[in-house]
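Engineer: Got a sequence here, can you model it:
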Amino acid sequence: QSVQFYKQMGTPVYIRPLSKHQELVQPWHSDEKGFIPLLKWHGLDQSELSHEDEKSFGPMGGGYGSYLVK
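Structural biologist: Sure thing, here's the model as predicted:
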């Protein structure tokens, strides 16, 4: 549903496995913390998500983030 929502707005979203993200950022790589769920990265509790958020983006808030280093 999230992909369709963004597509209707004219902004495509690509769902990729973590291994693909690691490949795409080369020669950069994650810092020592690696890729972590966005909720954990921002210090938010899962209860911060509305039912719609969880339905659209999943229980961990829609992906992972990382600080990249070269």
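Engineer: pretty sure residue 29 is touching residue 68, no?
Structural biologist: Yes - if you go by CB atoms under 8 Å, residue 29 and residue 68 touch, sitting 6.7 Å apart. Yep, even glycine has a C-beta here, placed from its N, CA and C like the rest.
Engineer: Between its first and last residues, how far does stretch 31-50 reach?
Structural biologist: 30 Å (CA to CA, to the nearest Å).
Engineer: What residues sit buried inside it?
Structural biologist: Counting neighbours by 16 or more other CB atoms under 10 Å, one finds that the buried residues in stretch 31-50 are 35, 37, 39, 41, 49.
Engineer: Please name the nearest non-neighbouring residue to residue 13.
Structural biologist: residue 6 (4.3 Å; CB to CB, 6 or more residues apart in numbering).
Engineer: Do you know the pLDDT at the one you found?
Structural biologist: Residue 6 is assigned 83 on the pLDDT scale.
Engineer: Report whether it is found in a helix, as I expect.
Structural biologist: Yes - assessed with DSSP: H, G, I helix; E, B strand; the rest coil, residue 6 lies in a helix.
Engineer: in this protein, which spans are helices?
Structural biologist: 2-8, 18-24, 38-41, 51-57 (DSSP state H).
Engineer: and the first one, what other elements does it pack with?
Structural biologist: I take that to be helix 2-8. Using 3 or more CB pairs under 8 Å, 6 or more residues apart in numbering; DSSP states H and E, the elements in contact with helix 2-8 are helix 51-57.
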